[in-house]
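Peer 1: predicted model follows, preceded by the sequence.
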Amino acid sequence: MRNWMGVGISMAAMFLGGPAWTKAADDPLLRPIALASSKRWLAPQAPIRLHGQTYLVGFGGLNVALIKTNAGLILIDGAVPQAVRDVEANIKALGFSIRDVKLILSTEPHFDHAGGLAALARDSGATVVASAPAAAVLRTGGIDPADPQAAWLERFPAVRRLRTVKDGEEIRLGDTVITAVATPGHTMGSMSWRWKSCEGRQCANILFGSSLNPIAADGYAFSDPAHRPVVEAFRATFAKVGAMDCDLLITAHPDPADPAKQARLRAKRVPNPFIDPTACRRYADRAAGMLDKKLAAEGETRSYSRGQ
């Protein structure tokens, strides 16, 4: 295996004009979507080992995680279709092959995290694992009309090889056990993934957290009584994630502080800058604050409208 700190710059640098992009135009599973947002999400990022056998193989604005087991590799999330070749190049840069991937875990059925799943599953032969509500959307590549962001979302390639799991269910591959953690709200099928990573005798509980931010398209009000189940799901998720025993948090969209942490990690600074037992609590608290602000603003807006 190559030096995990010194791997070369990702092929993602070519994602808007290189050979991989040209070939993508001829492959229905790689056809570009969400071009404006992708310019921001797909900032090139060299792959890096975070802890133990856990790596990042994604981008500056979209995390894709890789876990090495003694029976093959596990990926978490798939970015957008046009990013697949760059994810695969990052895997190769670490000394692995896309064909070594046996499972791909999905955090949510939104195009920015699920758009590349179909191509990655095809290229690897892996099975995609998701919650039942998410799988219903992944199978069609469509849009859940009840999703708070439905009016903004884009379709993506449908995923054919799927396995569904429930909250708390354990997924085993070789010497690694990953626990499914249902975290609905952002989507009602959102799933986070938790596992233990060890470096010698020092172990860390890692969570790949689904998006928790309460974003909604114009015209959608969380304060609408019809949307109470979504708000209740958010509240339950915030409580669950906030109370979780979590030493290292990977978020579906990287935290603004992550680039500085990666720079320190690449420089072999100790202690590991990603180890933070308060990260999950702060992640949940920040999202809860965002929801509270939205509900308060919606209440003021609705009151003002009635007053007119």
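Peer 2: Everything's here; your move.
Peer 1: ranges for the strands of the stretch 151-300 of the chain?
Peer 2: Applying DSSP state E, counting those that start in this stretch to the stretch 151-300 of the chain gives strands spanning 162-165, 170-173, 176-182, 191-199, 202-209, 248-251.
Peer 1: turn these into TSV, columns for mean pLDDT.
Peer 2: Converted to TSV, these look like this (pLDDT from 0 to 100):
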stretch	mean pLDDT
strand 162-165	98
strand 170-173	98
strand 176-182	98
strand 191-199	98
strand 202-209	97
strand 248-251	98
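Peer 1: could you dump the ones you listed into JSON lines and include distance to residue 239?
Peer 2: C-beta: built from backbone N, CA, C; applies to glycine. Formatted as JSON lines, those follow (distance: least, Cβ to Cβ, whole Å):
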{"stretch": "strand 162-165", "distance to residue 239": "21"}
{"stretch": "strand 170-173", "distance to residue 239": "22"}
{"stretch": "strand 176-182", "distance to residue 239": "12"}
{"stretch": "strand 191-199", "distance to residue 239": "14"}
{"stretch": "strand 202-209", "distance to residue 239": "14"}
{"stretch": "strand 248-251", "distance to residue 239": "16"}
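Peer 1: report the central residue of this protein.
Peer 2: Central residue of the chain (Cα atoms, centre = their mean): residue 252, 3.2 Å from the mean position.
Peer 1: quick one, what contacts that one?
Peer 2: Neighbour list for residue 252: 62, 63, 77, 107, 108, 113, 208, 209, 210, 211 [criterion: Cβ atoms under 8 Å, 6 or more residues apart in numbering].
Peer 1: would you confirm that residue 88 contacts residue 98?
Peer 2: Yes - with contact defined as Cβ atoms under 8 Å, residue 88 reaches residue 98; the gap is 4.7 Å.
Peer 1: common neighbours of the two, please.
Peer 2: Contacts common to residue 88 and residue 98, judged by Cβ under 8 Å, 6+ apart, are 120, 123.
Peer 1: the helices in the stretch 1-150 of the chain, which residues?
Peer 2: 19-24, 35-41, 84-93, 111-114, 117-124, 132-138 (DSSP state H, counting those that start in this stretch).
Peer 1: and the spatially closest residue to residue 151 that is not a sequence neighbour, how many residues sit next to it?
Peer 2: Leaving out its chain neighbours, the residue that sits closest to residue 151 by Cβ to Cβ, 6 or more residues apart in numbering is residue 217, at 3.7 Å. By other Cβ atoms under 10 Å, the residues close to residue 217 number 12.
Peer 1: quick one: contacts for residue 137?
Peer 2: Taking Cβ under 8 Å, 6+ apart, one finds 109, 143, 144, 189 in contact with residue 137.
Peer 1: the helices of the stretch 1-150 of the chain: which one's closest to residue 260?
Peer 2: Proximity of these to residue 260 was assessed by Cβ to Cβ; the nearest stretch is helix 35-41, lying at 18.5 Å.
Peer 1: wait, residue 45 touches residue 60, no?
Peer 2: Yes - with contacts counted by Cβ under 8 Å, residue 45 reaches residue 60, the gap being 5.1 Å.
Peer 1: show the pLDDT at residue 269.
Peer 2: pLDDT for residue 269: 89.
Peer 1: pLDDT below threshold where in this structure?
Peer 2: Filtered on pLDDT under 70, the chain yields the residue ranges 1-25, 300-308.
Peer 1: in it, where's the longest helix?
Peer 2: Using DSSP state H, we find that the single longest helix of the chain is helix 279-307.
Peer 1: what residues of that helix count as buried?
Peer 2: For helix 279-307, the neighbour count (16 or more other Cβ atoms under 10 Å) marks 279, 280, 281, 283, 284, 287, 288, 291, 294, 298 as buried.
Peer 1: over to stretch 238-254?
Peer 2: Residues 238, 240-242, 244, 246-254 are the ones in stretch 238-254 that count as buried (16+ other Cβ under 10 Å).
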